[in-house]
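**Student:** Predicted structure and sequence below. I'll ask about it afterward.
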Amino acid sequence: MKKIQWEVYLTNAPTVDRYCRRCKKTSGFKSSERFRVNTQQKNLEIWLIYKCISCDTTWKLTIFSGLNSNTMEHSLIDRYANNDKELAMLHATDAALIKRNGAQCNNADVEIIGEDIIWNESNGYSEPVEIHIATKYPVENKAASVIRSKLNISGSSFDKLCKTGKIVSLSGHNLKKCKMPDSIIIQLTP
C-alpha cells in the first residue's frame, strides 16, 4: 500500500468573532501577532492584541492574568515580550482560550502540502493509499473540508465515498464530524 504524507499549514491566523464597541455589532477581529506584557511586582499579565477588521479597534485576548512571574521561565517571558510569531499563532488557534475570552474562533485559511491524488469518482484511485495528515496548530476546520479540498471533490461525493468505505479513518476519527486534529490517518481504496 502506498503511503503519503500531507502537512496542513495555516496561511494566516484565523479571525475571531466578538462584539466590537465601536462598530456596535459582532465583528471579525484579526490577530496583530503582538503581545502586551505587564508585570506589577510579581504579578504577570500577558495579552495577545487583536484588531477589528472593520474599524481597527483593539481587543486584548487574555493569556495570563495575575500569574506569579517566578512560575514562568524567563526565556518564555522574553518570547512574549519580543512578539514571538510562533507563540502568537499557537494562542490565536487555541479555540478554548478564545472561547474563555468571550469570542468565537473561525475557520483558518489552510494550505495542504503533499502529493496530489487524482481521484476519479467513477473508478476511485488505482491502488489503496494510506494518507497521514498532520498540522502543527489546531484548527477549527472540519477534517472533511481539509480532505475534500486536497482531493478536489464535492461534499456529496465525499459523503458517498465514506458511506461506501472508499475513504475511511484508520485513526478512529469520524471524518464527517470531527475538527481537524493534530494528526489523522485515512485510507483511500479503489
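**Tutor:** Sure thing, it's come through. Numbering: from 1, shown residues only.

**Student:** going forward, measure contacts between C-alpha atoms and count neighbours the same way
**Tutor:** Fine.

**Student:** May I ask you to confirm that Ile49 is in contact with Phe29?
**Tutor:** No: counting by CA atoms under 8 Å, Ile49 stays clear of Phe29, with 9.6 Å between them.

**Student:** Looking at those two, which is more packed in?
**Tutor:** More crowded of Ile49 and Phe29, by other CA atoms under 10 Å: Phe29, with 27 against 20.

**Student:** ok, what's across the strand from the more buried one?
**Tutor:** Beta-bridge pairing for Phe29 (DSSP bridges): Val16, Cys52.

**Student:** go on, the one 5 residues further on?
**Tutor:** For Arg34, the residues forming beta bridges with it (DSSP bridges) are Ile49.

**Student:** Could you report the neighbour count for it?
**Tutor:** Look at Arg34: counted by other CA under 10 Å, it has 18 neighbours.

**Student:** wait, it sits on Ala88?
**Tutor:** Yes: Arg34 is in contact with Ala88 according to CA under 8 Å; the separation is 7.0 Å.

**Student:** Quick check: neighbours shared by the two?
**Tutor:** Counting by CA atoms under 8 Å, 6 or more residues apart in numbering, the shared contacts of Arg34 and Ala88 are Leu48.

**Student:** Which residues are in contact with the most centrally placed residue in the chain?
**Tutor:** For the chain, Val139 is the residue whose C-alpha lies nearest the centre (CA atoms, centre = their mean; 1.9 Å). Applying CA under 8 Å, 6+ apart, one finds that Val139 lies in contact with Thr93, Asn107, Ala108, Lys179, Met180, Pro181.

**Student:** What distance do you get for the second one to Thr93?
**Tutor:** Read that as Asn107. The gap separating Asn107 from Thr93 is 9 Å, by CA to CA, to the nearest Å.

**Student:** out of these two, which sits in the busier spot?
**Tutor:** Comparing Asn107 with Thr93 by other CA under 10 Å, the one with more neighbours is Thr93, at 23 against 15.

**Student:** Return every residue with contacts to both of Asn107 and Thr93.
**Tutor:** Residues touching both Asn107 and Thr93 (CA under 8 Å, 6+ apart): Pro14, Val139.

**Student:** hang on, Ala88 in a helix?
**Tutor:** Yes: using DSSP: H, G, I helix; E, B strand; the rest coil, the assignment for Ala88 is a helix.

**Student:** Name the nearest residue to it, ignoring sequence neighbours.
**Tutor:** Glu33 (5.2 Å; CA to CA, 6 or more residues apart in numbering).

**Student:** residues contacting that neighbour?
**Tutor:** Counting by CA under 8 Å, 6+ apart, Glu33 has contacts Leu48, Ile49, Tyr50, Asn83, Asp84, Lys85, Ala88, Met89.

**Student:** Quickly check the residues you listed for the two that are furthest apart.
**Tutor:** Tyr50 and Asp84 (15.1 Å; CA to CA).
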